[in-house]
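Participant: I'll drop the sequence and a predicted model, then ask my questions.
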Amino acid sequence: MSNSPIPENEVERLLNLAKLDLDYTDLKNDFEDIVAVASKVSGMDVSLINLIDPYTQWTVAKHGLDVDSMPREESVCQYTIMEDSSFEVADLSKDDRFKDRYYVSGSPNLKYYFGIPLTTKQGVNIGALCVLDPELKTISPDKIEILKLLASEVVNKLKQYHAMADLKSELSTANTRQKKIAQDVRDPLAGIIGITEILLEQECEPKENTIEYISLINESSQLILSITNHVLIDETEEANISPNEEFNMNILKGKLEKLYVPLAENKKIQLEFESQAYKNLFPIPKSSVLQIAGTLISTAINLLPSGETLKVVTDVDVQPLQNKLNIEVTGGTTPSNSTSKTLIKRVLDLAQNLAERSGGKVMVSGESEVIKYTFSLPYSA
């Protein structure tokens, strides 16, 4: 990435993107209409919504070009996030920065590019909405204004997506606590009901009003028990959350493979995942986990020479009161030049910041030839 332009506010930019805690594999359906409209309005064959992290441009919506990701340094949008308003290239095939890119020198032989930065309310550019065409084109000021409105809508939808994910996480946590409280109440109540039934069945002469009091205790306990049973049975349906949607290591592995295997293959690196099969369905926390694990994997891919193997080991340490998610990424070397060292430090600081916000930590160990990145996150059992 030594030849890539880096915004002055890169650390803040990356932190803003990371805080959105986006799952790039789930965003496609939310933005298909926007890229279709952008293509139609601009009169261009291709329209993309791209988000740019430290190493990768992630295409979360596409129209007219089948692309999911590419190295950041090979993208055009890396220049768009440097701008306040827009970035235009009249002919990519005549521009030394882009003429040798596969999408310019080969099919679909793109020539024209126009991009609008996706700017958050904090004033940082996390990506771009762009339109491209294999023909030499121009775009009118009126159409540019419409593209800017569409870019603003993308940012708003990303914030809504994040807010919805937060609400689902909070709801899931609340339901778990509610279930635990209900279970804690249910067992003693069952005992109280059993005792009152024994007392009511005894043949000895009861004292005045004793039967009435015992009956009231029994009826009240039965009512509370009915409520707790309702919580335990129906809470999942009321929250509209299926148990099958619970985040686990199988789901995490699937998402990481979908996102990062193509990037590894692009560098001729073999990406291997390893876990204990019987733990793959154990529930694990979702918040920031994909972001942190992805940051460590992409860092290792960036540093690993072609032809090497990168191993990712996921594990859950199960304890009575608190479990711990462990993710180890082994591979890569210590960067040799100061620019790369500075970038890697920024990226790992970002991963550590995200981990600490979730109550976890990131560690880096190993010799210069083989580096191990470890992410550990304790969570309630």
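Facilitator: Perfect, thanks for sending it. Numbering: from 1, shown residues only.
Participant: Could you use CA atoms for every contact and neighbour count after this?
Facilitator: OK.
Participant: Only the buried residues of stretch 112-123, if you could.
Facilitator: 112, 113, 114, 115, 116, 117, 118, 119, 120 (16 or more other Cα atoms under 10 Å).
Participant: hmm, I was thinking of stretch 359-367
Facilitator: 360, 361, 362.
Participant: Spit out the contact partners of the closest residue to the second one other than its chain neighbours.
Facilitator: Computed as Cα to Cα, 6 or more residues apart in numbering, the closest residue to residue 361 that is not its neighbour in sequence is residue 355, at 5.1 Å. Applying Cα atoms under 8 Å, 6 or more residues apart in numbering, we find residue 355 in contact with 288, 292, 361, 362, 375, 377.
Participant: Among those residues, which ones are in helices?
Facilitator: Among these, the ones falling in helices (DSSP state H) are residue 292.
Participant: Which of the three states applies to residue 70?
Facilitator: The three-state assignment at residue 70 reads strand, by DSSP: H, G, I helix; E, B strand; the rest coil.
Participant: quick one: secondary structure of the nearest residue to it once chain neighbours are set aside?
Facilitator: Leaving aside its sequence neighbours, residue 70 sits nearest to residue 57 (Cα to Cα, 6+ apart; 5.4 Å). Here residue 57 is recorded as strand under three-state DSSP.
Participant: Now do residue 57, the pLDDT please.
Facilitator: pLDDT recorded at residue 57 is 97.
Participant: And the strands in this protein?
Facilitator: 46-52, 56-63, 69-71, 87-89, 112-119, 125-133, 270-274, 309-317, 322-330, 361-365, 372-380 (DSSP state E).
Participant: who wins for proximity to residue 152 among those?
Facilitator: Closest approach to residue 152 among the strands of the chain (Cα to Cα): strand 112-119, 6.9 Å.
Participant: what residues does the closest one touch?
Facilitator: So strand 112-119 is contacted by 77, 80-81, 83-92, 125-137, 147-148, 151-152, 154-155 (Cα under 8 Å, 6+ apart).
Participant: and what of stretch 95-102?
Facilitator: If you take Cα under 8 Å, 6+ apart as the criterion, stretch 95-102 is touched by 74, 76, 89, 92, 93, 104, 105.
Participant: quick check, nearest of those residues to residue 13?
Facilitator: Nearest to residue 13 among the contacts of stretch 95-102 is residue 76, at 17.7 Å by Cα to Cα.
Participant: quick one, what contacts that closest one?
Facilitator: Counting by Cα under 8 Å, 6+ apart, residue 76 makes contact with residue 98.
Participant: Which segments of this structure make up each domain?
Facilitator: Annotated domains of the chain cover 10-165, 173-243, 249-380 [automatic domain parsing].
Participant: Comparing those, which comes out most buried?
Facilitator: Most buried of the domains of the chain, by mean neighbour count (mean count of other Cα atoms under 10 Å): domain 10-165, with a mean of 19.
Participant: Quick one: distance of that domain to the chain centre.
Facilitator: Between the mean C-alpha location of domain 10-165 and the chain-wide mean there is a distance of 19 Å, by Cα atoms, centre = their mean, to the nearest Å.
Participant: Low-confidence regions, this protein specifically.
Facilitator: Within the chain, the stretches falling below the threshold (pLDDT under 70) are 1-3, 162, 164-245, 332, 336, 339, 367-369, 381.
Participant: got the residue ranges for the helices in it?
Facilitator: 10-19, 28-42, 77-80, 102-105, 141-201, 210-238, 249-266, 289-303, 338-357.
Participant: how much does the first one deviate in direction from helix 289-303?
Facilitator: Yep, that's helix 10-19 we're talking about. Counting by axes from the mean of the first three to the mean of the last three Cα atoms, to 10 degrees, helix 10-19 lies at 130 degrees to helix 289-303.
Participant: List the contacts of helix 10-19.
Facilitator: Residues outside helix 10-19 that contact it (Cα under 8 Å, 6+ apart): 53, 54, 124, 125, 126, 288, 291, 346, 350, 354.
Participant: mind redoing it with 7 Å?
Facilitator: Contact with helix 10-19 is made by 53, 124, 125, 126, 291, 346, 350, as judged by Cα atoms under 7 Å, 6 or more residues apart in numbering.
Participant: Can you tell me how far the residue nearest to residue 48 when sequence neighbours are not counted is from residue 27?
Facilitator: Closest residue to residue 48 apart from its sequence neighbours, by Cα to Cα, 6+ apart: residue 62 at 4.6 Å. Distance of residue 62 to residue 27, computed by Cα to Cα, to the nearest Å: 11 Å.
Participant: circling back to that earlier point, for the contacts of helix 10-19, could you give me a markdown table that also reports distance to residue 10?
Facilitator: What follows is the contacts of helix 10-19, written out as a markdown table (distance: Cα to Cα, whole Å):
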| residue | distance to residue 10 |
| --- | --- |
| 53 | 10 |
| 124 | 9 |
| 125 | 9 |
| 126 | 10 |
| 291 | 17 |
| 346 | 9 |
| 350 | 11 |
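Participant: would CSV of the strands of the chain with distance to residue 34 be doable?
Facilitator: Below are the strands of the chain laid out as CSV (distance: least, Cα to Cα, whole Å):
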stretch, distance to residue 34
strand 46-52, 9
strand 56-63, 8
strand 69-71, 19
strand 87-89, 19
strand 112-119, 13
strand 125-133, 9
strand 270-274, 34
strand 309-317, 36
strand 322-330, 36
strand 361-365, 37
strand 372-380, 36
